[in-house]
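Student: after the sequence you'll find the predicted model.
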Amino acid sequence: MQTPRLTSHRACYVTGVLFFVAFLTGCGGGSGSAPPAFTYQTSLGAGTSIHVQLSDGTPVAGAIVQIQDHLPEPTGQETREELETGKLYFHGQTNAFGVVRGLCKFPVDVTTCDVLVTSPAHTGPYTFESHHDFWGATAPSARVQFPVTSQLNATVVVEARQ
C-alpha cells in the first residue's frame, strides 16, 4: 500500500485553505450581527420654517426671506465685496400667513446663519446694527443670527417703516 505524498505545493494549498476556513469561522462567529454602517456626512439638512410678523402678531405676506452665512460685525476694514460673499442656503417668500417653509443644507462646520428679511414697507432687528448702517438704503429690512440645528424654526418681528 502506498501513502500519498504531500508535496510542498500541495502543503501550501492545504495550509491556505485551512487558514481561509479559520478566518471565515472567526469573522462569522460571536454575536452574528453586522458591523454598523459607516456614514460620511458633509452637510446637515435642516427643515426650515420662518415666520415674519408685526409685533401685534399680524403676518407679513410677500416678504423675501434668505438664509445666508453669518456675517461677523464689520470692523470697518472690509470692502463691500468681502461683506457680500456669504453663501446663500435658502431663498423664499412668505405666504398669506407670513410663513415660508423649506429645506436648507448646511455644511457640517456651519454653526450659525443669518436670516434676512426684505420687505420694503417694514424695518426690523439686526444682530449687528453696523451691517444696517453699512448698507444704508440697500440694506434688507432685518438680518438676525440664528444657530444651525436640524430644525430652523424662527420668528422675525418687524415693524412698519415710518
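Tutor: Perfect, thanks for sending it.
Student: pLDDT at Cys12, what is it?
Tutor: Here, the pLDDT recorded for Cys12 equals 60.
Student: nope, Glu73 is what I meant
Tutor: 83.
Student: give me phi/psi at the closest residue to it other than its chain neighbours?
Tutor: Spatial nearest neighbour of Glu73, chain neighbours left out: Phe128 (4.2 Å); criterion: C-beta to C-beta, 6 or more residues apart in numbering. For glycine as for every other residue, the C-beta is placed from the backbone atoms N, C-alpha and C. Dihedral pair for Phe128: phi -120, psi 110, per degrees, to the nearest 10.
Student: and what of Ala137?
Tutor: Torsion angles, degrees, to the nearest 10, at Ala137: phi -70, psi -20.
Student: what does Gly47 give?
Tutor: Backbone torsions for Gly47, taken as degrees, to the nearest 10, come to phi -70, psi 130.
Student: could you shift the numbering so residue one becomes 358, and keep it that way?
Tutor: Sure, I'll start numbering at 358, so the last one becomes Gly404.
Student: hmm, Ala517 is touching His479, no?
Tutor: Yes - between Ala517 and His479 there is a contact at 6.2 Å, judged by C-beta atoms under 8 Å.
Student: more crowded one of these two?
Tutor: Ranked by neighbour count (other C-beta atoms under 10 Å), Ala517 and His479 place His479 first, with 19 against 12.
Student: isn't Val515 right up against Thr415?
Tutor: No - with contacts counted by C-beta under 8 Å, Val515 stays clear of Thr415, the gap being 10.2 Å.
Student: who has more neighbours out of these two?
Tutor: Val515 (21 against 10).
Student: on that earlier part again, between Ala517 and His479, which contacts overlap?
Tutor: Taking C-beta atoms under 8 Å, 6 or more residues apart in numbering as the criterion, Ala517 and His479 both touch Leu411.
Student: before we move on, the earlier item: which residues does the residue nearest to Glu430 contact?
Tutor: The contact partners of Phe485, by C-beta under 8 Å, 6+ apart, come to Leu428, Pro429, Glu430, Pro431, Arg500.
Student: so the second one: helix, strand or coil?
Tutor: Pro429 carries the three-state label coil when classified by DSSP: H, G, I helix; E, B strand; the rest coil.
Student: ok, Phe491 to Leu440 distance?
Tutor: For Phe491, the distance to Leu440 equals 7 Å [C-beta to C-beta, to the nearest Å].
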